[in-house]
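Peer 1: Prediction below, plus the sequence it came from.
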Amino acid sequence: MYICIDIGGTAIKYGLASADGQLIETKSTPTHAHEGGGPGIVRTVRRLIRQYKERGPLSGIALSTAGMVDPQKGRIFYALADSIPDYTGTEWKEMLEEEFHIPCAVENDVNCAALGELWLGAGKGCASAFMMTIGTSIGGCAIYDGHILHGAGCSAGEIAYMRVPGGRLHDLASATRLVRDVATAKGVRPDELDGRAVFAMAADGDTDAIGAIDALSRDIAIAIGNVITVLQPQVVILGGGIMAQEGVFRPLLEQYVSQQLPPAMYGPTRIAFARLGNTAGMLGALYHLRQTLSQE
């Protein structure tokens with residue numbers, strides 16, 4: 001059995017899994033990121049591992065986490081203090097292997113979600129993929145030959161910083177932007193709406209909501225087109241809460257991507273929507289641990 005842990009800004013998801021990705025159980029606990037910061041998260045994770053070890057032997061620790069990760073050292077080399085204070089510099093791998101004497105592998109949460117989808121989800125059977133997670137911001141991960149492309153500084157795929165017409169992708173292709181646009185059009189505060197409300201309004205024919213979804217789709221399509229021109233993966237996988245609206249987004253994205261590129265370029269890449277939901281990060285962390293152990 002392996003313990004799989006997925007650390008997000010709001011919740012820590014965890015559970016036990018077999019080597020082939022069968023989740024035996026999954027649970028969740030609040031992160032309390034701002035109350036305890038990085039040290040508080042470390043205490044929580046150590047407690048969870050101790051509890052599972054008391055139940056039976058563990059073969060490894062698979063850790064998915066927010067923040068920029070050096071996967072070789074299993075270390076957080078940068079984390080936004082606004083998201084998780086005092087988290088930068090956390091030496092996960094060294095600390096946990098020293099305490100529990102079992103292998104530990106650590107990877108960024110978006111990267112883990114991409115690995116999970118490639119292994120057992122929307123990208124199953126593919127060797128190459130690019131995943132975009134669209135929420136309050138937008139994250140990305142490129143995979144070739146089943147391995148993450150980390151880049152020289154372990155920050156490849158950070159497409160939130162990609163420049164598109166009008167600014168950064170972070171500002172133009174997120175659920176935050178969608179809600180903000182509709183709130184502005186309606187003359188209300190953004191905190192009075194959420195993504196579900198916007199899609200419900202669009203389904204009822206609200207032109208402001210329909211226009212905002214269309215504008216968001218155009219900017220996401222620009223990002224997809226840019227990814228295809230550089231990498232041309234077999235699949236671009238779209239995840240994040242609003243991407244559950246596949247029926248709304250798929251025709252728009254396929255239309256706008258096809259308008260950017262000749263068929264010979266975009267044709268070999270299919271657009272897919274994430275399937276694994278909240279378990280993608282844990283399963284991807286397990287897959288990364290398996291890869292790490294196979295290379296040792």
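Peer 2: Perfect, thanks for sending it.

Peer 1: hey, where'd the strands end up in this protein?
Peer 2: Applying DSSP state E to the chain gives strands spanning 2-7, 11-17, 23-30, 60-65, 68-70, 75-78, 104-108, 129-134, 138-144, 147-148, 163-164, 167-168, 235-239, 270-273.

Peer 1: okay if I get these as a markdown table plus distance to Tyr52 and mean pLDDT?
Peer 2: For glycine as for every other residue, the C-beta is placed from the backbone atoms N, C-alpha and C. Shown next, in a markdown table, are the strands of the chain (distance: least, Cβ to Cβ, whole Å; pLDDT from 0 to 100):
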| stretch | distance to Tyr52 | mean pLDDT |
| --- | --- | --- |
| strand 2-7 | 5 | 98 |
| strand 11-17 | 7 | 96 |
| strand 23-30 | 10 | 95 |
| strand 60-65 | 9 | 98 |
| strand 68-70 | 22 | 93 |
| strand 75-78 | 22 | 95 |
| strand 104-108 | 13 | 97 |
| strand 129-134 | 27 | 96 |
| strand 138-144 | 28 | 94 |
| strand 147-148 | 26 | 94 |
| strand 163-164 | 44 | 90 |
| strand 167-168 | 41 | 91 |
| strand 235-239 | 27 | 97 |
| strand 270-273 | 32 | 98 |
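
Peer 1: wait, which of those strands is closest to Ser174?
Peer 2: When the strands of the chain are compared by Cβ to Cβ, strand 138-144 sits nearest Ser174, at 5.4 Å.

Peer 1: Output that closest one as PDB, nothing but the C-alphas.
Peer 2: Presented in PDB, the C-alpha positions along strand 138-144 are these (Å, rounded to 0.1, in the frame of the first residue of the first chain):
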ATOM      1  CA  ILE A 138      -4.500  28.800 -14.900                       C
ATOM      2  CA  GLY A 139      -1.900  26.100 -14.500                       C
ATOM      3  CA  GLY A 140      -0.200  23.900 -17.100                       C
ATOM      4  CA  CYS A 141       2.000  20.800 -17.500                       C
ATOM      5  CA  ALA A 142       3.700  19.300 -20.600                       C
ATOM      6  CA  ILE A 143       4.400  15.500 -20.700                       C
ATOM      7  CA  TYR A 144       6.400  13.700 -23.400                       C
END
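
Peer 1: what packs against that strand?
Peer 2: Using 3 or more Cβ pairs under 8 Å, 6 or more residues apart in numbering; DSSP states H and E, the elements in contact with strand 138-144 are helix 109-120, strand 129-134, helix 207-230.

Peer 1: Give the rounded mean pLDDT of the last one.
Peer 2: The reference is to helix 207-230. Mean pLDDT, helix 207-230: 96.

Peer 1: Now do the buried residues in that helix.
Peer 2: 208-210, 212-213, 215-228 (16 or more other Cβ atoms under 10 Å).

Peer 1: what's the neighbour count on Ala160?
Peer 2: 17 (other Cβ atoms under 10 Å).

Peer 1: Model confidence for it, exactly?
Peer 2: 90.

Peer 1: Equivalent analysis for Glu296, please.
Peer 2: For Glu296, pLDDT reads 71.

Peer 1: Redo the strands of the chain as CSV? Include mean neighbour count.
Peer 2: As requested, the strands of the chain are exported to CSV (neighbours: other Cβ atoms under 10 Å):
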stretch, mean neighbour count
strand 2-7, 27
strand 11-17, 20
strand 23-30, 12
strand 60-65, 27
strand 68-70, 21
strand 75-78, 18
strand 104-108, 27
strand 129-134, 26
strand 138-144, 24
strand 147-148, 19
strand 163-164, 14
strand 167-168, 12
strand 235-239, 26
strand 270-273, 19
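
Peer 1: can you redo those as JSON lines with distance to Gly157?
Peer 2: As requested, the strands of the chain are arranged in JSON lines below (distance: least, Cβ to Cβ, whole Å):
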{"stretch": "strand 2-7", "distance to Gly157": "18"}
{"stretch": "strand 11-17", "distance to Gly157": "22"}
{"stretch": "strand 23-30", "distance to Gly157": "26"}
{"stretch": "strand 60-65", "distance to Gly157": "15"}
{"stretch": "strand 68-70", "distance to Gly157": "11"}
{"stretch": "strand 75-78", "distance to Gly157": "15"}
{"stretch": "strand 104-108", "distance to Gly157": "9"}
{"stretch": "strand 129-134", "distance to Gly157": "8"}
{"stretch": "strand 138-144", "distance to Gly157": "4"}
{"stretch": "strand 147-148", "distance to Gly157": "8"}
{"stretch": "strand 163-164", "distance to Gly157": "15"}
{"stretch": "strand 167-168", "distance to Gly157": "15"}
{"stretch": "strand 235-239", "distance to Gly157": "12"}
{"stretch": "strand 270-273", "distance to Gly157": "17"}
